[in-house]
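**Student:** Fold the following, please.
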Amino acid sequence: MLTNRINTLSESITIAITTLAQELKAQGKDVLSFSAGEPDFGTPQVIKDAAILAINNDFTKYTAVDGIPALKEAIATKLKRDNDLEYAPNQIIANNGAKHSLFNLFSATIDKGDEVIIPAPYWVTYPELVKYCGGSVVEIQTDDTSAFKITPEQLQAAITDKTKMLVLTTPSNPTGSVYSKDELTALGKVLEGTDIIVASDEMYEKLIYDGTFTSSAAVSRDMYERTVTINGLSKSVAMTGWRFGYMAAHNTELIKATKKLQSQSTSNINSITQMAAIAGLDGSADAEIEMMRKAFMSRRDEAVKLFNAVDGLSVLKPDGAFYLFVNIKEVSNDSLTFAKDLLAQKEVAVVPGVGFGSEGYFRFSFATDIESIRQGIKRIEEFVQDLK
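**Tutor:** Alright, predicted model coming up:
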């Protein structure tokens, strides 16, 4: 009855663990969940006000499939202001979250037999979408010693005549690693003379704690022409449930193709969200963005200190995002069992590293209050002591 492509698709492990934690909480369990990739802050008031105004003005009809002109102008202005990238309206499309952006991009570009290079650890959705579209995943493994970043040599070795795309995530989910301008430039040099597309997921761009952010498309003309920049507002201004993402690409035919697909699937994104997103893009919420960034940085510092004091665990201090990728190799080689037992015995929810393509780790989201972080790490410490 079902197609082969849907049968090859796996459920998101992050969503599965988060749902299980919510179910246990509903049963009265004292569950501390660090599994969801969602800010614990509310959406800034200026964005809510823009949405309320849109509703009151009856801005509730269909719009252009790729977004209203004012929204696309706001995206273009943001990309120029923050990333030094020039995009025209026909090089931009608004989607129902960055996950939708990726689905449309992969659907429009990946055929059976095409290879997509994905550095591991990776966000769980990347390989699933590649497989769904008939492509093959080529993983490049990284670990703590390289700060979870690939090298030009690794990239060169992974390229074949079937390589269609490289997926880059900076800052990274699940590790928080951030590629520097020099590192991105070096990777771009490897790609020169090829037709390889770069899908650059920059959703956590505003959550940088050390160093500066560089967009992949900004490091050279060659990278600009091959890169599809993917971003949104879910993480930076706590708009996860609003479902807003976007793509920008030099290749207008690629954007046109994704627009055609979107016209036959979801059509335009929520009209009210479009008006709200303008306020999230134009600088109106910058003070709230900085407040959240500082709060996340404080939580990061505390969580890193506490984890590195636990015998048997270690973690690198991430430069961005709101995750820690905790090394458990001294106590377990089975991150799925580790996470299941931790939830059952200590009522703490984390995501096993195997779901991100890297065994021997778990992902810990510090997008929650500091006291919960302290209590959670204390329970994890007790659990690890019992294992040793």
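**Student:** all helices for the chain, in order.
**Tutor:** Counting by DSSP state H, residue ranges of the helices within the chain are 4-7, 13-26, 45-56, 69-83, 98-109, 125-132, 152-158, 181-191, 221-226, 252-263, 271-281, 286-308, 335-346, 370-387.
**Student:** Alpha carbons of the longest one, as CSV, please.
**Tutor:** Once non-C-alpha atoms are left out, helix 286-308 reads as follows in CSV (Å, rounded to 0.1, in the frame of the first residue of the first chain):
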residue,chain,number,x,y,z
ASP,A,286,17.2,43.2,18.0
ALA,A,287,17.1,44.1,21.7
GLU,A,288,15.1,40.9,22.5
ILE,A,289,17.5,38.8,20.3
GLU,A,290,20.5,40.1,22.2
MET,A,291,18.7,39.4,25.6
MET,A,292,18.1,35.8,24.5
ARG,A,293,21.7,35.4,23.2
LYS,A,294,23.2,36.6,26.5
ALA,A,295,20.9,34.3,28.5
PHE,A,296,21.9,31.3,26.4
MET,A,297,25.5,32.2,26.7
SER,A,298,25.3,32.2,30.5
ARG,A,299,23.5,28.9,30.5
ARG,A,300,26.1,27.5,28.1
ASP,A,301,29.0,28.5,30.4
GLU,A,302,27.3,27.0,33.5
ALA,A,303,26.3,23.7,31.7
VAL,A,304,29.8,23.2,30.2
LYS,A,305,31.4,23.7,33.6
LEU,A,306,29.1,21.3,35.3
PHE,A,307,29.4,18.6,32.6
ASN,A,308,33.2,18.7,32.6
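**Student:** What number of residues are in the vicinity of the residue nearest to residue 227 when sequence neighbours are not counted?
**Tutor:** Once flanking residues are discounted, residue 227 sits nearest to residue 217: 3.9 Å by C-beta to C-beta, 6 or more residues apart in numbering. Quick note: C-beta positions are derived from backbone N, CA and C, even for glycine. Counted by other C-beta atoms under 10 Å, the residues lying close to residue 217 total 28.
**Student:** is it true that residue 217 touches residue 197?
**Tutor:** No. Look at residue 217 against residue 197 with C-beta atoms under 8 Å: they stay out of range, at 11.6 Å.
**Student:** Common neighbours of those two, please.
**Tutor:** Jointly contacting residue 217 and residue 197 under the rule C-beta atoms under 8 Å, 6 or more residues apart in numbering are residue 227.
**Student:** in this structure, what secondary structure element scores lowest on mean pLDDT?
**Tutor:** Lowest by mean pLDDT, DSSP states H and E among the helices and strands of the chain is helix 13-26, with a mean of 76.
**Student:** Mind listing what's buried along that helix?
**Tutor:** 13-14, 17-18, 20-21, 24 (16 or more other C-beta atoms under 10 Å).
**Student:** Looking at those, spot the one nearest residue 44.
**Tutor:** Nearest to residue 44 among those is residue 18, at 23.7 Å by C-beta to C-beta.
**Student:** so what's that closest one up against?
**Tutor:** Contact partners of residue 18, counting by C-beta under 8 Å, 6+ apart, are 33, 35-36, 349.
**Student:** any idea how far residue 38 is from it?
**Tutor:** Distance of residue 18 to residue 38, computed by C-beta to C-beta, to the nearest Å: 9 Å.
**Student:** go on, residue 327?
**Tutor:** Taking C-beta to C-beta as the measure, residue 327 and residue 38 are separated by 24 Å.
**Student:** Compare these two (neighbour count), which wins?
**Tutor:** residue 327 (20 against 17).
**Student:** so what's the nearest residue to the more buried one once chain neighbours are set aside up against?
**Tutor:** Excluding its sequence neighbours, the residue lying closest to residue 327 (C-beta to C-beta, 6+ apart) is residue 314, at 4.6 Å. Contacts for residue 314 (C-beta under 8 Å, 6+ apart) come out as 144, 307-308, 326-327, 330.
**Student:** Using neighbour counts, trim those to the buried set.
**Tutor:** Using 16+ other C-beta under 10 Å as the burial test, the contacts of residue 314 include 307, 326-327 as buried.
**Student:** What is the nearest of the contacts of residue 314 to residue 319?
**Tutor:** Comparing those against residue 319 with C-beta to C-beta places residue 144 closest, at 13.8 Å.
**Student:** what about the residue nearest to residue 160 when sequence neighbours are not counted, how many neighbours?
**Tutor:** Leaving aside its sequence neighbours, residue 160 sits nearest to residue 115 (C-beta to C-beta, 6+ apart; 6.2 Å). As a burial measure, residue 115 scores 21 neighbours (other C-beta under 10 Å).
**Student:** Now for residue 115: which residues touch it?
**Tutor:** Taking C-beta under 8 Å, 6+ apart as the definition, contacts of residue 115 comprise 135-138, 160, 162-164.
**Student:** Specify which member of the residues you listed is nearest to residue 335.
**Tutor:** residue 137 (19.4 Å).
**Student:** residue contacts, the closest residue to that closest one other than its chain neighbours?
**Tutor:** Among residues not flanking residue 137 along the chain, residue 127 sits closest, at 4.5 Å (C-beta to C-beta, 6+ apart). Shown in contact with residue 127 (C-beta under 8 Å, 6+ apart): 118, 137, 139, 357.
**Student:** okay, those in JSON lines with pLDDT, distance to residue 370 and neighbour count next?
**Tutor:** What follows is these, written out as JSON lines (pLDDT from 0 to 100; distance: C-beta to C-beta, whole Å; neighbours: other C-beta atoms under 10 Å):
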{"residue": "118", "pLDDT": "98", "distance to residue 370": "33", "neighbour count": "24"}
{"residue": "137", "pLDDT": "97", "distance to residue 370": "37", "neighbour count": "18"}
{"residue": "139", "pLDDT": "98", "distance to residue 370": "35", "neighbour count": "17"}
{"residue": "357", "pLDDT": "95", "distance to residue 370": "30", "neighbour count": "21"}
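**Student:** mind giving me a markdown table with these and columns for distance to residue 382?
**Tutor:** Listed next are the contacts of residue 127 as a markdown table, based on distance: C-beta to C-beta, whole Å:
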| residue | distance to residue 382 |
| --- | --- |
| 118 | 35 |
| 137 | 37 |
| 139 | 34 |
| 357 | 29 |
